[in-house]
Every structure is written in structure tokens, then in C-alpha cells.
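Asks: the following block contains a protein sequence and its predicted model.
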Amino acid sequence: MNIEVEDVTFSIHDKRLIDSISLQVKMGELVGLIGPNGSGKSTLLKNMYRVLRPDSGLVTLDGRDLLRMKYKETARQMAVVSQDAPQTFDFSVRDIVLMGRHPHKKLLEADSALDHELVEQALERVGMEAQADQSFATLSGGEKQRVLIARALAGQAKFLILDEPTNHLDIRYQLQILDLVKTLQITTLAALHDLNLAAFYCDRMYVLKEGKVVSSGITEDVLQPDLLRSVFGVETEICVHPRTGKPSITFLPDSLRGGAAHDINRTNGDPMKYDKL
Ligand SMILES: Nc1ncnc2c1ncn2[C@@H]1O[C@H](COP(=O)(O)OP(=O)(O)OP(=O)(O)O)[C@@H](O)[C@H]1O
């Protein structure tokens, strides 16, 4: 599944929240959407998953105009996991995952053996099979997110939208969720706040500021101190981490901008050298 956003613009009450944004996610990629609070990440994603309708521009899934698709068809093609797990009545984990099959069914059609098989497989893939009968409401935040990803898997969605899926989760769950998404190799667009996590997991990224894309490309090229200064207003040191081979960002508080920051600069970004200074 390839998804393409072409020149999408969206306003509310004459305030332009999304300004001529174009982006592309190719099959199997995990693409990050980063930007400060209020830069338009969620609004853009909502324009993609049809909670909002663009004023102009086009969103296509494998070349097909999303706005011309039936909602049910859209729900078969894409799944959304957002930062806020839904408040549900007393559904079991299995019931929630089974909901992922609804777009594939006619009204009042009974659940089939295939539906149940896909649900059990999805629960296994996210490691939640042991909690299948537990009430969804009683799960931890990380477990809820894993169940929502299982729901997307059971629905056999080809495109996954993650809207800050790891917010409020402790670091272990953050890693677990993104590891899971990465190993699934579903085409994914993810709005992420943690730049080090984005640096590690994303193949490419788009940077938003005031509703516009101000930079895009492969993660290593995009994450540069100048860009982070102009977009987020922070000073950073960035080096390639010797274990991960990915950019590792250190944020420098104002108090360090003069002295220690200067020392780190002398390492030429090599953290191993920093130990020896
Ligand atoms: N219904 C609305 N009416 C007016 N303004 C809105 C509405 N929805 C969003 N906005 C504004 O649009 C801008 C972009 O919001 P959005 O939630 O897309 O940002 P974001 O990048 O996802 O932010 P965050 O990182 O804080 O989640 C914000 O300034 C927000 O106040």
C-alpha cells in the first residue's frame, strides 16, 4: 500500500491549520511526522483518516482517491491508533480486537471461524493472548495500545496511522510498541514527539511547523541541529550512536550552551571521545 497526500490544505474559521502539505508513504515504510505542539500533526492525520475533510488537495491510497471511497472501504484499508485509548464499556480484550473485523462484514452478519482465527493470531502477534478474556478497561496504557494494534492487524489493514501512540507510556512500553510496529512491516505514518525514538525507528520523516512541511527526507539527513533549533527552539548535539548506528540527540539546556556544550563539540560528535575529555 502506498499513500500519498498531495497539496492538502485545511482551515477552521479562516485559520489555516494545514498549508499545502504533500507527503508520501511507500509500501512497508515507517515514516515519522514530527513537529512542535500545535504544528498540525494530528490535524493532518485526521484529514487522512477522514475525521476532517481537506479544503483542497488529494489523499490517495494506491492511486485511489480516499474521499471517493466508502467509509467502510477506508476502514478496511487503514487503521488508526491514537494517543487516547477509547473509553469503553466492559468489553473484553478479545471483543475489542474482534471489532477490527467489522468493516469486513455486512450489518448483523455473524462472526465467522476466519474472524475468530484472525483475532487469535493478532492477539498472539502482540503478545496479549493470555489477557484475551480480561476487561479492556483494566489494562495498562501500554497493553491497551498493543490491543489496538492487534485490532488493526485483525482488520488486515494495509496502512497504519499512529497519532502519538506512545504518549503517556513508560519507556519500556514505548520501545515495545514501536518495536512491534517495526517488525510488523505494515506501511505506517506515525506522529511522534520523542525525537530519539523517531530517529531510531523511522525510515524517513516529515517535519511540520505552523501547518507546513519544513523538512523531509531520510532520518539521518533531517535531524540536524540547525533544523531542530529553528523548529523546536532548542540547542542539540547529535552524533551517530556507536551501538545503534542511528542519530542520538542530546538536548542542551540554556545553562550548558556555553561551557560543556563547547566541550562536547570538541568530540566531533563521537560520544566515545567525550569520555576521554
Ligand atoms: N477545532 C479546532 N478549532 C480551532 N483550532 C483548532 C482546532 N483543532 C485544532 N486546532 C488548532 O490547530 C493547530 C494544530 O493542532 P494539532 O492538534 O493538529 O497539532 P499537533 O501538531 O498535533 O500538536 P500536539 O503535538 O500538541 O498534539 C493548533 O494550534 C490547534 O489549536
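Replies: All right, it came through fine.
Asks: all contacts plus neighbour counts: C-alpha atoms, from now on.
Replies: Noted.
Asks: so where do the strands sit in the stretch 101-250 of the chain?
Replies: Secondary structure of the stretch 101-250 of the chain by DSSP state E, counting those that start in this stretch: the strands cover 159-163, 187-191, 204-209, 212-218, 235-240, 247-252.
Asks: ok, stretch 194-203 near the ligand or not?
Replies: No: on the criterion Cα under 6 Å from any ligand atom, stretch 194-203 is out of touch with the ligand, staying 10.6 Å away.
Asks: what's the distance between that stretch and the middle of its chain?
Replies: 10 Å (Cα atoms, centre = their mean, to the nearest Å).
Asks: cool, and stretch 209-229?
Replies: Using Cα atoms, centre = their mean, the offset of stretch 209-229 from its chain centre is 16 Å.
Asks: quick one on the thing from earlier: most tightly surrounded among the strands of the stretch 101-250 of the chain?
Replies: strand 187-191 (a mean of 26; mean count of other Cα atoms under 10 Å).
Asks: below-threshold pLDDT in the protein: ranges please.
Replies: Where the chain drops to pLDDT under 70, the residues are 84-89, 168, 257-277.
Asks: how close does the closest residue to Leu98 other than its chain neighbours sit to Met69?
Replies: In space, and not counting its chain neighbours, Leu98 is closest to Val119: 6.0 Å by Cα to Cα, 6 or more residues apart in numbering. Separation of Val119 from Met69 (Cα to Cα, to the nearest Å): 26 Å.
Asks: same check, this time on Gln134
Replies: Gln134 is 36 Å from Met69, by Cα to Cα.
Asks: who's more crowded, these two?
Replies: Gln134 (17 against 13; other Cα atoms under 10 Å).
Asks: pretty sure that one contacts Val93?
Replies: Yes: if you go by Cα atoms under 8 Å, Gln134 and Val93 touch, sitting 5.9 Å apart.
Asks: please name the bridge partners of the residue nearest the centre of the chain.
Replies: Nearest to the geometric centre of the chain sits Ala190, at 1.7 Å (Cα atoms, centre = their mean). Ala190 has these beta-bridge partners by DSSP bridges: Gly32, Leu162.
Asks: all helices of this protein, in order?
Replies: 41-48, 71-77, 93-98, 113-125, 141-154, 171-184, 195-201, 219-222, 225-232, 259-265, 271-276 (DSSP state H).
Asks: export the ones you listed to JSON lines and tack on mean neighbour count and distance to Ile3?
Replies: Shown next, in JSON lines, are those (neighbours: other Cα atoms under 10 Å; distance: least, Cα to Cα, whole Å):
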{"stretch": "helix 41-48", "mean neighbour count": "21", "distance to Ile3": "9"}
{"stretch": "helix 71-77", "mean neighbour count": "17", "distance to Ile3": "11"}
{"stretch": "helix 93-98", "mean neighbour count": "23", "distance to Ile3": "25"}
{"stretch": "helix 113-125", "mean neighbour count": "18", "distance to Ile3": "24"}
{"stretch": "helix 141-154", "mean neighbour count": "25", "distance to Ile3": "17"}
{"stretch": "helix 171-184", "mean neighbour count": "16", "distance to Ile3": "17"}
{"stretch": "helix 195-201", "mean neighbour count": "19", "distance to Ile3": "19"}
{"stretch": "helix 219-222", "mean neighbour count": "18", "distance to Ile3": "19"}
{"stretch": "helix 225-232", "mean neighbour count": "15", "distance to Ile3": "26"}
{"stretch": "helix 259-265", "mean neighbour count": "13", "distance to Ile3": "40"}
{"stretch": "helix 271-276", "mean neighbour count": "12", "distance to Ile3": "38"}
